[in-house]
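Enquirer: Have a look at this prediction, sequence included:
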Amino acid sequence: MNNKYKIIILGITIVIIFILFLRVLNSDKTYQPNQMIGKKIPEFILENLLNKNPKLDSNILSGKDFAVLNIWASWCIPCRIEHPFLMDLKNKNQIDIIGLNYKDEGGNAKNFLKKYGNPFSLIGVDKKGEVAIQLGAYGVPETYVLKKGKIIFKHIGPLNEDTVNKILELQNK
Amino acid sequence: MAGYIGNLALFFSLIFNCFLIFSLIREIKNSTFKNSKIINFFNNSIFFLLLISFLTLIYCFIVSDFSNVAVYQNSHTTKPLIYKISGAWGNHEGSMVLFILILSLFSFVFARTKVSEKLKFYTVFFQSILILIFLIFLILTSNPFDQMDPKPSQGLGLNPILQDPLLAIHPPFLYFGYVGFSLVFSFALAGLVTNNFDKSWSKIANFWIILPWSLLTVGIGLGSFWAYYELGWGGYWFWDPVENASLMPWLAATALIHSNIVTLKKDKLHSWTALLSIFTFIMSLLGTFLVRSGVLNSVHAFANDPYRGVYILSTILFITFFSLAIFIIKSPKKSSYGEYSFLQKDNFILINNCFLIFFLSVILVGTVYPIILDAISGKSISVGPVYYHTILAPFLFAFLFFMSHGPLISWNKEDKFLQIKNFKIFFPISIAISLVIIFYFFDYKDIILILGLLFSIYLIVSVIFDWISQKKLSLNFGRLVSHLGFGTLIFAIFVNAYLSKEINTAMKVGEEITIQEFVIKFKSINRIKKENYEEVFGNFLVTNKKKQVELTPSIRKYDQPVQFTSETSIKTNFIVDYYFAINLSEFEKDKIMVRFYYKPLMFWIWFSILLIAFGGIYQTFRLRNE
């Protein structure tokens, strides 16, 4: 091959690399909180926190007509603040709440539930926070509303009266 | 005042650099190569001006001159002196000054060595182009002497986890390595342009490759050591993009060292050696880009100004394009390749190069691909240890095997199938040792572990065998030590990975718990107040079988800026590290989160890295004396 062509190819490659990295530089490096809304939840299988079985399988979630997925951890203070809301959702409104225990110690998590009550019908252990990343989560706490495995609503941070009402509204739709 | 001097020195170095380039172009155009006095004068002046600039910056940090923006943002009056000094390069602006200073230092030293005037002029020319590019970048986007008015009365402080004696020296070492590769880059371009890329080029280049390589080895080792004792997670290598960024040039340079030997001894592989010389420095630049453009978020990422990112990116691609274009046009085309036979030493070095480039590609993809994918499709994938370990491990075994035999083969004749007697010696010995180790120390057997131990021991045995059969040890001493260090490193890494133990729990004062074979007693807690932080110590007693170890990890609360750090407590007996870290528990007020790690052979990991670097340093001194 002629040197001229080689240099042209080199030049083109460099330009492509430049454009690619320019996109990287200009891209917003924060999470897009909405990016999962309207999408199906990613597939995962997680160990159960309290019992050996059943494991938390994304297929179980997909099978449910209406469910709330809550990401929490015992070390997270806002989780304690939102906990009464979760208890209410379960006890008063009979909503099926699934827990995702995020980067936590099993013992601490169990103590937390013993002390504040357990609103969850099933809790998956996301020890490394990988599933939370797949869900596009910022951190803890975060709450997802699922309809047949599709994410229809998402709330970042501790739950409050408004979000609880919103969740109830969605349930009745 | 000092700031003005520093700034002035910086500007003058830029002007002198332009003069230097101008006079070099004139010399090159006329092909006279005579006025080396003028060239040396400019070259030396640039170095001294940059040195003055750097020293004034350090001075500004020492006297806490907060009218200087960089000082204001990264220092504080109550900081101990050493961190005021290291603060000078603990930020983006200052570290760029150091970067350019080292570029210039290498040019300065190189100009004093015995090289033909023509090669010298060209090398200094390319080096001064690099200095020019980075000086413009520094002055335009990140001037370390930017002033602010009114002058603040207090600074913002240095990130506490960077307040560490090791970190005062880790960046300079890393920079000497990274930036040091610039010289062999410039020298390679000079060799290509002047058609002097031959054995004599290799002979000189050898020194300029091994020197930064050794320093980079130390730099990586220090960074890893810091991560181990400071971050408190018991790990020493996290496959973090920034760590990878330092490993990539190291791998490229390791390949270069070996291919250069072939060029030196057999007058072969010129193009490949030239390409690797260019590529090594480009990898260093890629590291600089990743770390300095704000693409990554980590303790290393200082710059978050998007213009800086675009400038660094353009610069690096500009350098890449021109250096590769020169390579394409001028790549040495030697027709005679001498006699070719398969089981020759050159081929083993080629195999070594293939492996190293493969390792490098795996790491390059793992580091860069997720970043680009995220920017383009918005998808996040996490590439972690599992990816690297699964892909690299099997090839590492083959690499170790070739590394054991390559050096034993002679340069000139084809050995009878790698000297069967070597196999007969190495295999039984290393299999026997591995079996003993595995059955004595390990409860469960994993094929990866067995192979890892077997081949690392195989390498160690072969090096010892080689060592004993040396007639003139000093000739190969550097190589033997580095190879031995690599063998012990891999051995220690495998043992460590499979025998490490970890305990995570919450404890009260006075509590005693038994987990696995360890009994941990939380004896007491006490506080002290220091100059720039307050510290809470926990006293723990760990009993393992009959052995008792007392550990005192702590939590520090720094004042400026307010931040908590966890200080680990590590006790080592050179075989096993007992490692303890504590955190405040947000959940239970009366308890403290404790993390205990049992880490075998950690000392040997550090010692092996030192051996590898020492081999290189020994070699550079030997080359220097020749």
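Expert: Cool, got the structure. Numbers count the residues shown, from 1 in each chain, chains lettered A, B, ... in the order given.

Enquirer: and chain A, which residues reach chain B?
Expert: Listed as neighbours of chain B in chain A under the rule Cβ under 8 Å from any Cβ of the partner chain: A:3, A:6-7, A:10-11, A:14, A:17-18, A:20-27, A:29, A:32, A:35, A:74-77, A:105, A:107-108, A:111-112, A:130, A:133, A:136. C-beta: built from backbone N, CA, C; applies to glycine.

Enquirer: quick one, helices of chain A?
Expert: For chain A, the helices defined by DSSP state H occupy A:3-26, A:58-63, A:77-91, A:106-116, A:130-134, A:161-172.

Enquirer: And chain A, split by domain according to the record?
Expert: Using automatic domain parsing, the domain ranges for chain A come out as A:1-30, A:45-172.

Enquirer: where exactly do the strands run in chain B?
Expert: Per DSSP state E, chain B carries strands over the ranges B:501-507, B:512-515, B:518-529, B:533-544, B:547-551, B:554-558, B:563-567, B:569-572, B:576-584, B:592-600.

Enquirer: Out of those, name the one with the poorest average pLDDT.
Expert: Across the strands of chain B, the stretch with the lowest average pLDDT is strand B:563-567; it has a mean of 80.

Enquirer: So what touches the one helix or strand in chain A whose mean pLDDT sits lowest?
Expert: Lowest by mean pLDDT, DSSP states H and E among the helices and strands of chain A is helix A:130-134, with a mean of 79. Under the contact criterion Cβ atoms under 8 Å, 6 or more residues apart in numbering or on different chains, helix A:130-134 has outside partners A:42, A:44, A:46, A:71, A:100, A:102, A:124, A:126, A:139-140, A:142, B:380, B:382.

Enquirer: again, only this time at 6 Å
Expert: A:42, A:44, A:71, A:102, A:126 (Cβ atoms under 6 Å, 6 or more residues apart in numbering or on different chains).

Enquirer: what would the residues you listed look like in TSV with neighbour count and distance to residue B:206?
Expert: Shown next, in TSV, are those (neighbours: other Cβ atoms under 10 Å in any protein chain shown; distance: Cβ to Cβ, whole Å):
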residue	neighbour count	distance to residue B:206
A:42	14	52
A:44	18	53
A:71	26	56
A:102	27	53
A:126	26	52
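
Enquirer: count of neighbours near residue A:54?
Expert: Using other Cβ atoms under 10 Å in any protein chain shown, residue A:54 has 9 neighbouring residues.

Enquirer: Spatially, which residue comes closest to residue B:590, not counting chain neighbours?
Expert: Leaving aside its chain neighbours, residue B:590 sits nearest to residue B:508 (5.7 Å; criterion: Cβ to Cβ, 6 or more residues apart in numbering or on different chains).

Enquirer: Counting neighbours, what do you get for residue B:370?
Expert: 16.

Enquirer: I am assuming it contacts residue B:384, so please confirm or correct that.
Expert: No - using Cβ atoms under 6 Å, residue B:370 makes no contact with residue B:384, being 10.1 Å away.

Enquirer: measure the nearest residue to residue B:122 once chain neighbours are set aside to residue B:469 for me?
Expert: Nearest residue to residue B:122 in three dimensions, chain neighbours excluded: residue B:190, at 3.4 Å (Cβ to Cβ, 6+ apart). Distance of residue B:190 to residue B:469, computed by Cβ to Cβ, to the nearest Å: 39 Å.

Enquirer: who's more crowded, those two?
Expert: residue B:190 (25 against 8).

Enquirer: Where does the prediction get shaky in chain A?
Expert: Along chain A, the parts satisfying pLDDT under 70 run over A:1, A:27-35, A:138.

Enquirer: let's go with 80 and repeat that
Expert: A:1, A:24-38, A:52-53, A:75-78, A:105-106, A:128-130, A:133-134, A:136-140, A:156-157, A:173 (pLDDT under 80).

Enquirer: Can you pull up the most central residue in chain B?
Expert: The centre of chain B sits closest to residue B:220, judged by Cα atoms, centre = their mean, with a distance of 3.4 Å.

Enquirer: Confirm for me that residue B:480 is in contact with residue B:467.
Expert: Yes - the pair residue B:480 / residue B:467 is scored as a contact, 5.3 Å apart, by Cβ under 6 Å.

Enquirer: who's in contact with residue B:519?
Expert: Per Cβ under 6 Å, 6+ apart, neighbours of residue B:519: residue B:543.

Enquirer: partner residues bridging it?
Expert: Beta bridges link residue B:519 to residue B:514, residue B:543 when assigned by DSSP bridges.

Enquirer: neighbours around residue B:546, how many?
Expert: 5.

Enquirer: near chain A, which residues of chain B?
Expert: B:295, B:306, B:309, B:313, B:317, B:321, B:324-325, B:328-329, B:371-372, B:375, B:504, B:586-587 (Cβ under 6 Å from any Cβ of the partner chain).

Enquirer: The residues you listed in helices, which ones?
Expert: B:306, B:309, B:313, B:317, B:321, B:324, B:325, B:328, B:329, B:371, B:372, B:375.

Enquirer: can I get those residues in JSON lines with neighbour count and pLDDT?
Expert: Conversion of these to JSON lines gives the following (neighbours: other Cβ atoms under 10 Å in any protein chain shown; pLDDT from 0 to 100):
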{"residue": "B:306", "neighbour count": "13", "pLDDT": "65"}
{"residue": "B:309", "neighbour count": "22", "pLDDT": "80"}
{"residue": "B:313", "neighbour count": "20", "pLDDT": "89"}
{"residue": "B:317", "neighbour count": "19", "pLDDT": "94"}
{"residue": "B:321", "neighbour count": "18", "pLDDT": "96"}
{"residue": "B:324", "neighbour count": "21", "pLDDT": "95"}
{"residue": "B:325", "neighbour count": "16", "pLDDT": "95"}
{"residue": "B:328", "neighbour count": "17", "pLDDT": "92"}
{"residue": "B:329", "neighbour count": "13", "pLDDT": "92"}
{"residue": "B:371", "neighbour count": "19", "pLDDT": "84"}
{"residue": "B:372", "neighbour count": "16", "pLDDT": "86"}
{"residue": "B:375", "neighbour count": "19", "pLDDT": "79"}
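
Enquirer: That'll do, ta.
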